[in-house]
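*Asks:* Just to be clear, the model below is a prediction. Sequence and coordinates:
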Amino acid sequence: MNARTMTQPELDEQLVQHLAKIADRLDGGDENVDLPLLEEFNRLAGTEIPFAEFQGIYGGEDHITYVRRVLTERATNADPSLDRDRLIEMFTKVLADPCDDAYLEYVFATVEKTFGDSQVSDLVFWPGVYFGDADNQRELKPDEMADAVLGRYVQRKKR
């Protein structure tokens, strides 16, 4: 897949809705009683998520967002052709609409799977955490974000 033609995965909306209802039931449910629901969720989502991961989802995000994140992560692949220019395009779109959760999850999953950078969400929202200097007030430009990801990748490869 060429970096220019890379697109976020299309999710089956009926499946998303169904899995969100299951996740809602599992969140705060009984592990023994709800085992068939857990098995159904994992079978339909193509995952092996343990019951414990469902506990407290609603405290951090709504169930539909959780399901979209899980399915997007599963459907997104690494892209070895992803380059600096495409990263800049992706971060430009993220900064233009940081509330587009579907696109955010796609970018985060793509960067993590391609460059091994599991902190890319910190780079966008909490740069002080990403850089380890506690300066979360800085506003990075898309090219600075791309350079940070690529710089970490190069450092990781040197080890």
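*Replies:* That came through, no problem. A quick note: this is a predicted structure, and the numbers were derived from the prediction, not measured.

*Asks:* Run through who's touching the lowest-mean-pLDDT helix or strand in the chain.
*Replies:* Least confident helix or strand of the chain, by mean pLDDT, DSSP states H and E, is helix 57-60 with a mean of 83. Residues outside helix 57-60 that contact it (Cβ atoms under 8 Å, 6 or more residues apart in numbering): 23-24, 27-28, 63, 66. In this view, the C-beta of every residue, glycine as well, is placed from N, C-alpha and C.

*Asks:* Give the rounded mean pLDDT of whatever helix or strand Leu44 lives in.
*Replies:* Under the criterion of DSSP states H and E, Leu44 resides in helix 35-45. For helix 35-45, the mean pLDDT works out to 98.

*Asks:* so Glu105 sits right up against Arg68, yeah?
*Replies:* Yes: Glu105 lies in contact with Arg68 (Cβ atoms under 8 Å); the separation is 6.5 Å.

*Asks:* list the helices and strands the helix ranked longest in the chain packs on?
*Replies:* Using DSSP state H, we find that the single longest helix of the chain is helix 142-158. Contacts defined by 3 or more Cβ pairs under 8 Å, 6 or more residues apart in numbering; DSSP states H and E place helix 142-158 against helix 84-96, helix 101-115, helix 120-125.

*Asks:* Tabulate the CA atom coordinates of the first one in PDB.
*Replies:* Right, helix 84-96. Extracted in PDB, the C-alpha atoms of helix 84-96 (Å, rounded to 0.1, in the frame of the first residue of the first chain):
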ATOM      1  CA  ARG A  84       8.000  12.200   6.900                       C
ATOM      2  CA  ASP A  85       5.700  14.000   4.400                       C
ATOM      3  CA  ARG A  86       2.800  11.700   5.000                       C
ATOM      4  CA  LEU A  87       3.300  11.900   8.800                       C
ATOM      5  CA  ILE A  88       3.200  15.700   8.500                       C
ATOM      6  CA  GLU A  89      -0.100  15.400   6.500                       C
ATOM      7  CA  MET A  90      -1.500  13.100   9.200                       C
ATOM      8  CA  PHE A  91      -0.500  15.300  12.100                       C
ATOM      9  CA  THR A  92      -1.800  18.400  10.200                       C
ATOM     10  CA  LYS A  93      -5.300  16.700  10.000                       C
ATOM     11  CA  VAL A  94      -5.100  15.700  13.700                       C
ATOM     12  CA  LEU A  95      -4.300  19.200  14.800                       C
ATOM     13  CA  ALA A  96      -7.100  20.600  12.600                       C
END
